[in-house]
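A.B. asks: give me the fold of what follows.
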Amino acid sequence: MVEYLGTGSKNHLISFSPSCIIMGRATVGVMLFGFLLSFTTAVTIVKPVDIDIYSFHINSTVTSRYAITVITSRVANRLNESKEVHFQVKIPKNAFISKFRMTIEGKTYDGVVKEKEEAQQQYSQAVSRGESAGMVSSVGRTLEEFKTSVTVAAFSKVTFELTYEELLQRRLGKYQLLINAQPMQPVADFKIDVYIHESPSISLLEVKGGLKTNELASAVTTTRSGKEAWVNFYPTREQQTRCDVCGKNGVNGDLIIMYDVDRPKPSGELQASDGYFVHYFAPTDIPRIPKNVVLVIDRSGSMRGRKIEQTREALLKILGDLAEEDYFGLIIFDGQVEVWKHKLRQATERNLELAKNFVKKIEDRGSTDINAAVLKGVEMIKKHPREQSASILILLTDGAPNTGESDPTRIQANVKEAIGAKFPLYCLGFGFDVNFDFLEKMALENHGRARRIYEDSDADLQLKGFYEEVAVPLLTGVQLNYTGSSNVTQTRFSHYYNGSEIVVAGQITDNSLETFQAEIIAISKNSRVTYQDSVFTKDTSGVLPQHEHFIQRLWAYLTVKQLLEKEMTLNGEEKEAARKEILDLSLKYEFVTPLTSMVVTKPQGEEAHVAHKPKEEEKAKQKQLRITSGGRARSYLQRISSSMPIIRKAVRIVSLAPAPAPPPPVIEVRFLISSLDQPKPICYDLPAASKLRLLMDPSSDFSMNGELSTKGFKQIALHYKTNHSLMLNTSHILYLDGLNNVMFLWGQEPSKHETDSVSLILNNEEVDVTMGTVRVVLFRHKKDGEMFLWPAVQQQPNHVNIQGIFGKQHLEYEELSGSVIKIKDEDVKATWSTATDYRRSSAPVLGCWLVPYESVLQGELSDFTVSQL
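C.D. replies: Okay, here's the model as predicted:
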């Protein structure tokens, strides 16, 4: 969430505590914040006349599951007095901030990561003078909230830029990237751009969330081609106020991108670069292992009401999902422990029916004896040893132990000794009265994990969702070995579950190795299995130049995450050694973690800010010039007199030639169109020099036409209603609104021009145009020394009257055998080819099915040509 508030010219100090914000005058010229996070979004609360968020971008690049996300928000103070602008972000919990920057009046203030104690000393000096504190606190299930602020002078601008990194986890067969957007103000230049690049091909791409509702669906575009995928969200200003998750303050919702990749080798995907390696292991063609599962359920008095009802509903669904080859047990407890059956029972239809009747009668009562209940579950599993099976113990409780053995440390020791590393324990903490630190340590000590179940209407689905993640074990006793390596992350895993993924990273210490070897040993349903794989140590294929060190950063990220978990289970010197390693890595890679904070120098006279990671249970003014007969341009943005001639009469020169020249070869330009249901886009060729109708919406009186050159378009014209026109060529952009003409030059400083229902935003080599309900981004590209234009339609009305070659953003087709595809019941011979996607600034080259343009456009070229632009 990004919040912008005009609050006068006072300086404030923000420090971070679990539950409060204190404000006061500050004199320390630094800002300090430190915490761990995992996903983000920015929100904007503004007084429109005071603060203008004129640009809001979220850009996320995912390289082999490692996501680097940058939020950039540009804000202008439109008043003639100083104002304090607040930047506020909602940040989920698994990512690390790696960069924070503010740019004010052309000067940049970068953050520096320091040890938390060193940074805290600076902060405490400010607090001792009565200055204020700010807050990082938990927000909902996955987010944390971060705030900072800066005073912006009259008619000045500030740019906030936040970068964070995370390794996407695979759950239930999908990776998920969550982006939450809530600007609290309609923003003309609002963009979310996601780029995914994987070494294997991307097999699945889905977009969900509140920002994918019916009203906003047309603002989302997706493209998938082999190893790459793009998701873009470009809502118009009008859309930001008229959707289900919108209002007068703009959009407020999530964009959830889910994807998966092909897995051609059971040994997984091994990558090596720059002296580091990463191994993704997620075999699929393995028979499931029968499981022995014991569910230990708290029924103490604090579970009364909706909690116990939802627990019963979840247990009934879980029992319904058991396979007949599974064995199960049920234990309910308060101050006493009660078992459904004293031995594990096979999940036959009869036994399941009896168990469901038992569950339906569970009522809340009494106190909480966790120690006795968990030890009883361990005993039941140990009394039922089965070869070629996997055992799992699951505890659900909403409180702390208060009867029997009530010392958490002794309970943890008892459980660890009883389990003896034979099977995992998973702990589910229901609500916020539970002692989650106690549950988390107990789970980690027994090769499991803990998760909070939030008291909400979907608590039963949360319970069932967790169970589904561990419902299908495929391997047990997984051991991964790597020759010539060191500082390797976790390599032993008690279980591997269907739909998950094991990730291991480390350093390659033997520089003489040309190939790096990996070996996986595990136990499957029927036998002991071994997988082997190797990779060239110098292989950097599939790595973007800007992220060529991503494996090293992924290794550091994963190492810190696992050490933070391990540190919870250690004591004494071992604990201190783990903390030192976490701190050293956090400082080296500039990660903001629970042991570090980020200090940002701010303009002189401004305050210090600090952010502490909440624990799981804690809740430049643009110049313009009008050109006159004696004036000259003083800036790139020029206002041009409406009397300036923009059309000149052409003069035809005719000459005689002794003989007609042979006709020139036909030059064609290649176009791409994506498919919603197919990963491979379609491409087709159109002859150069054509003047084309690109997009026309008669209902809104909008049209866009363009003239092709040999590479792309040499000029494009957009018309809206009777008095708005935009003319673009490769040197300049001219806008006419019936009264004034405004000219932009490509490559100039970022500029914006807005009138009623029309918005133009120029940023380097692209111009973002909104006219009514249509939004188009036009790019200027250069290839082989030739400049040309290309439009990317981001938003258009969704009805059948749309015309032009870009009138249909997606094409439905069916791929048949023999390089034949079916389009609208027509079998079309296709050729596998490539095309450059000029709809994106990076202009990637994609594989595509090349077909005749008539099959795509469903018409002749003459149906799409115009006589003038």
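A.B. asks: give me the residues contacting the helix or strand encompassing Ala355.
C.D. replies: Using DSSP states H and E, Ala355 sits in helix 349-360. If you take Cβ atoms under 8 Å, 6 or more residues apart in numbering as the criterion, helix 349-360 is touched by Arg312, Leu315, Leu316, Leu319, Gly320, Leu322, Glu324, Phe328, Leu330, Trp340, Arg345. C-betas here are computed from N, CA, C, even on glycine.
A.B. asks: swap in 6 Å and give it another go.
C.D. replies: Arg312, Leu315, Leu316, Leu319, Trp340, Arg345 (Cβ atoms under 6 Å, 6 or more residues apart in numbering).
A.B. asks: confirm for me that Asp260 is in contact with Leu205.
C.D. replies: No. With contact taken as Cβ atoms under 6 Å, Asp260 and Leu205 are classed as non-touching, separated by 8.6 Å.
A.B. asks: for this structure, what helix or strand is lowest in average pLDDT?
C.D. replies: Ranking every helix and strand in the chain by mean pLDDT, DSSP states H and E puts strand 625-626 at the bottom, with a mean of 31.
A.B. asks: ok, the closest residue to Asp677 other than its chain neighbours to Gln794 distance?
C.D. replies: Nearest non-adjacent residue to Asp677, counting by Cβ to Cβ, 6 or more residues apart in numbering: Glu812, 6.5 Å away. The gap separating Glu812 from Gln794 is 20 Å, by Cβ to Cβ, to the nearest Å.
A.B. asks: neighbour-wise, which of the two wins?
C.D. replies: Gln794 (24 against 12; other Cβ atoms under 10 Å).
A.B. asks: for stretch 301-319, buried residues please.
C.D. replies: For stretch 301-319, the neighbour count (16 or more other Cβ atoms under 10 Å) marks 302-303, 307-308, 310-316, 318-319 as buried.
A.B. asks: what about Lys566, how many residues nearby?
C.D. replies: 16.
A.B. asks: what's the next secondary structure element after the helix or strand hosting it?
C.D. replies: Assessed by DSSP H and E, Lys566 sits inside helix 550-568. Downstream of helix 550-568, the first helix or strand assigned by DSSP H and E is helix 572-588.
A.B. asks: so how far is that following helix off the chain centroid?
C.D. replies: 29 Å (Cα atoms, centre = their mean, to the nearest Å).
A.B. asks: can you list contacts of the helix or strand hosting Phe466?
C.D. replies: Under the criterion DSSP H and E, the helix or strand holding Phe466 is helix 459-469. For helix 459-469, contacts defined as Cβ under 6 Å, 6+ apart pick out Arg171, Gln310, Glu313, Ala314, Lys317, Ile318, Arg451, Ile453.
A.B. asks: what lines up beside the next helix or strand after that helix in the sheet?
C.D. replies: Going down the chain from helix 459-469, the next helix or strand is strand 473-482, by DSSP H and E. Here strand 473-482 has these sheet partners by DSSP bridges: strand 492-497 (antiparallel), strand 515-523 (antiparallel).
A.B. asks: and the nearest residue to Phe190 once chain neighbours are set aside, what are its bridge partners?
C.D. replies: Ranked by Cβ to Cβ, 6+ apart and with sequence neighbours excluded, the top spatial neighbour of Phe190 is Phe56, at 5.2 Å. Applying DSSP bridges to Phe56 gives these bridge partners: Ser73, Phe190.
A.B. asks: contacts only, for Phe56.
C.D. replies: Per Cβ under 6 Å, 6+ apart, neighbours of Phe56: Ser73, Pro183, Val187, Phe190.
A.B. asks: same question for Arg780.
C.D. replies: Per Cβ under 6 Å, 6+ apart, neighbours of Arg780: Trp746, Glu765, Leu789.
A.B. asks: contacting residues around whichever strand or helix holds the last one?
C.D. replies: Spelled out, it's Leu789. Assessed by DSSP H and E, Leu789 sits inside strand 786-795. Strand 786-795 is contacted from outside by 218-219, 234, 236, 709, 711-713, 716, 730, 775-781, 806, 838-839, using Cβ under 6 Å, 6+ apart.
A.B. asks: in strands only, show me the residues you listed.
C.D. replies: Using DSSP state E, the members of the contacts of strand 786-795 that fall in strands are Phe713, Ile716, Arg775, Val776, Val777, Leu778, Phe779, Arg780, His781.
A.B. asks: next, count neighbours for the third one.
C.D. replies: Right, the one you point to is Arg775. 25.
A.B. asks: now do the contacts for it.
C.D. replies: Contacts of Arg775 by Cβ under 6 Å, 6+ apart are Tyr234, Thr236, Gln794, Gln795.
A.B. asks: can I get the residues you listed in JSON lines including pLDDT?
C.D. replies: Shown next, in JSON lines, are the contacts of Arg775 (pLDDT from 0 to 100):
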{"residue": "Tyr234", "pLDDT": "92"}
{"residue": "Thr236", "pLDDT": "87"}
{"residue": "Gln794", "pLDDT": "88"}
{"residue": "Gln795", "pLDDT": "84"}
